[in-house]
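J.: pasting the structure only:
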């Protein structure tokens, strides 16, 4: 009998641990950045905390995709985590609103690089028929980091101060780098870095073969940007303490853990689109539930449903993107998908912050907007997939 290829190798688990530390690193500071910018006199710029971060993440994706396909997956991961490490030491030096916004802009380079290299590496080492399962499991660790970060960060800030919280963020980032040392590079025929590799033509930025998952990711990730921006204020308005304003993210992530594995396996067996249709409807329902939340119990229920929806949506889109990408352009395909993700999150943060305007009564309108865009994503899956075929270039 032929032995079934294994997904769960040592390299795979090291990548998962690295992702946990990396996502925990930059997410642990997010809940307190809103108060931080308000204390500096920039409360009206709350939406920029997330949107500026995603702008540079999106801008750097073509470069991280190109470098991932040329110099290797591991160097790209190390650059991303290294930027996160450096930024943590610079936040305590901030004294003005504009300096803080500049740091958020620069910090975005970290997520522009690390996840691109990680996803490409995982795609290299797992069997093609188990990509959904692998992306679901690796995403589980990233989600755990996203839950642990906002839950632990505010408590560190309350107990030890903001500066210690920022240094803890740096410590997590450098640990995510150290565990990559000694890992075997998976890219074949890699080349040495040269500055000319950063000269990218417009035609090299976007991988047209992954338009469909990218469009859907843009529409659905708008909700995630809105959640990151507005839910901390909603949580406090419902009676939670400042130290517990990350509780929504904890519940949201833990509710996504099991569903990530089940959805990944289901998409491997039944197809990506059918799973995404269900996931998108869950996102619509979750947005509406958050919009009409007025008690702590409703907030926790909405966190569960949002976690389930993201747990189905994200790993399935990752696997779909890899399915559609050519092997030698895998980094470019993933970078295109991540650009769409960053645009969606950034617009969600920016638009929702503008709608919200620091008035809790405006929150409902912001989340109804999210529900409408997610519903458009569902309609796209049902009626719009064929519209993108004329933009796809033939294989070279």
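T.: Noted; the coordinates are in hand. A quick note: this is a predicted structure, and the numbers were derived from the prediction, not measured.
J.: Now do the SS call for the residue nearest to the spatial centre of the chain.
T.: Centroid check for the chain by Cα atoms, centre = their mean gives residue 341 as the closest residue, at 7.2 Å. Under DSSP: H, G, I helix; E, B strand; the rest coil, the three-state class of residue 341 is helix.
J.: How about the one 3 residues further on?
T.: Secondary structure for residue 344, judged by three-state DSSP, is helix.
J.: contacting residues for the residue lying closest to it once chain neighbours are set aside?
T.: Closest residue to residue 344 apart from its sequence neighbours, by Cβ to Cβ, 6 or more residues apart in numbering: residue 221 at 3.2 Å. (Glycine included, C-beta is placed from N, CA and C.) Counting by Cβ atoms under 8 Å, 6 or more residues apart in numbering, residue 221 touches 340-341, 344-345, 348.
J.: one more time with 7 Å
T.: 341, 344-345, 348 (Cβ atoms under 7 Å, 6 or more residues apart in numbering).
J.: Helix or strand: which one has it?
T.: helix 211-237 (DSSP states H and E).
J.: what's the answer for residue 317, then?
T.: helix 296-324.
J.: circling back to that earlier point, the inter-axis angle of the helix holding residue 221 versus helix 296-324?
T.: Angle, helix 211-237 to helix 296-324, by axes from the mean of the first three to the mean of the last three Cα atoms, to 10 degrees: 160 degrees.
J.: What residues of helix 211-237 count as buried?
T.: Of the residues in helix 211-237, 211-236 count as buried by neighbour count, 16 or more other Cβ atoms under 10 Å.
J.: again with stretch 101-111
T.: 101, 103-111.
J.: again with stretch 167-185
T.: Buried-residue list, stretch 167-185, by 16+ other Cβ under 10 Å: 167-170, 172-177, 180, 183.
J.: Is there a neighbour count for residue 263? I'd like the number.
T.: 28 (other Cβ atoms under 10 Å).
J.: ugh, wrong one, residue 376
T.: 17.
J.: Please name the residues that touch the closest residue to it other than its chain neighbours.
T.: The shortest distance from residue 376 to any non-neighbouring residue, by Cβ to Cβ, 6+ apart, is to residue 219 (5.7 Å). By Cβ under 7 Å, 6+ apart, residue 219 lies in contact with 344, 373-374, 376-377, 380.
J.: for residue 87, same thing?
T.: 103, 106-107.
J.: Equivalent analysis for residue 225, please.
T.: 50, 344-349, 352.
J.: top of those by neighbour count?
T.: Most surrounded of these: other Cβ under 10 Å gives residue 348, at 30 neighbours.
J.: I'd say that residue and residue 226 touch.
T.: Yes: between residue 348 and residue 226 a contact is recorded at 4.4 Å, counting by Cβ atoms under 7 Å.
J.: Need the overlap of contacts for those two.
T.: residue 370.
J.: I'd like to know the average pLDDT value across the helix holding residue 221.
T.: Per-residue pLDDT over helix 211-237 has a mean of 89.
J.: going on from it, what's the next piece of helix or strand?
T.: helix 247-254.
J.: picking up where we left off before, of all pairs in the contacts of residue 221, which one is the farthest apart?
T.: 341 and 348 (10.6 Å; Cβ to Cβ).
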